[in-house]
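Asks: structure for this input, please:
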Amino acid sequence: MWEQSKSAKRRFYDGNFHSRYFSGHGIDIGGAPDPLSQYIGIFPKMLSVRIWDLNDGDARYMSGVSDNQFDFLHSSHCLEDIEEPYDAMNHWIRIVKPGGFLVITVPDEDLYEQGHWPSRFNPMHKWTFTIYKKTSWSVKSVNLLDLLIHFADRTQIEKIQIQRDFFREALVAQGTDQTRTPVAECCIEFILQKR
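Replies: Numbering: from 1, shown residues only. Here you go, the predicted structure:
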């Protein structure tokens, strides 16, 4: 809940978000009800951010959005809800200009799902994500390294990082969805630059 705002506060202290990643005109896929656009002015090079959500169409295909249209793409906790993440990534890369950035967060399967599938916390989830495991407990696990290597001819990896700010191990035994707390992050953030 309000995962984008939690990450915005953290990102404020990383100069790359001010000078590189959030620069120009962007699109925020799955942005409602916590859009990145509310932070225009906080990130001074961010000129505009179009929100793309359910009413705009299927985020898997981004139909009607031109190739090479946006300087950056942001998506917070949307990719796990899409039927085919490889298709989605293909189209997300397609709509970003060469040299532009894709800033994407997905829930980490161990921190968020905590060994349970289907998800106890969000029935919309179609996938779980891990940076890389040889074997996952989840039958619907996506290894991010495999996903990103698949697109290596079109992108370069800028960053992959588990975000576990204010994650409390003591709450795992209680089966708590820590994203419902006002501060905890349980995700993987990855950033790609389009070639």
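
Asks: just to be sure, Leu147 is in a helix?
Replies: Yes. Assigned with DSSP: H, G, I helix; E, B strand; the rest coil, Leu147 falls within a helix.

Asks: wait, it touches Met89, no?
Replies: Yes. Assessed by CB atoms under 8 Å, Leu147 is found in contact with Met89 at 6.5 Å. Placement of C-beta: from N, CA and C, glycine included.

Asks: among those two, which residue is more densely surrounded?
Replies: Taking other CB atoms under 10 Å, Leu147 and Met89 do not tie; Met89 has more neighbours (23 against 16).

Asks: SS state for the more buried one?
Replies: Of the three states, Met89 takes helix under three-state DSSP.

Asks: list the contacts of it.
Replies: By CB atoms under 8 Å, 6 or more residues apart in numbering, Met89 lies in contact with Leu79, Leu147, His150, Phe151.

Asks: of those residues, grab the buried ones for PyMOL.
Replies: Here is the PyMOL command that picks out the buried ones among the contacts of Met89, judged by 16 or more other CB atoms under 10 Å:
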select buried, resi 79+147+151
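
Asks: in helices, which of the contacts of Met89 appear?
Replies: Mapping the contacts of Met89 onto helices (DSSP state H) picks out Leu147, His150.

Asks: could you find the closest non-adjacent residue to Lys97?
Replies: Asn68 (4.8 Å; CB to CB, 6 or more residues apart in numbering).

Asks: what number of residues lie near that neighbour?
Replies: Using other CB under 10 Å, Asn68 has 12 neighbouring residues.

Asks: distance check, it against Leu192.
Replies: Distance, Asn68 to Leu192, by CB to CB, to the nearest Å: 15 Å.

Asks: repeat for Asp67
Replies: 16 Å.

Asks: same thing with Ala32?
Replies: Distance, Ala32 to Leu192, by CB to CB: 23 Å.

Asks: when the two are compared, which one has more neighbours?
Replies: Neighbour count, other CB under 10 Å: between Ala32 and Leu192, Leu192 has more, with 25 against 12.

Asks: element containing that one, please.
Replies: Using DSSP states H and E, Leu192 maps to strand 187-194.

Asks: output the contacting helices and strands for the helix or strand of the chain with the lowest mean pLDDT.
Replies: When the helices and strands of the chain are compared on mean pLDDT, DSSP states H and E, helix 3-11 comes out lowest with a mean of 96. In terms of contacts (3 or more CB pairs under 8 Å, 6 or more residues apart in numbering; DSSP states H and E), helix 3-11 is packed against strand 70-76, strand 187-194.
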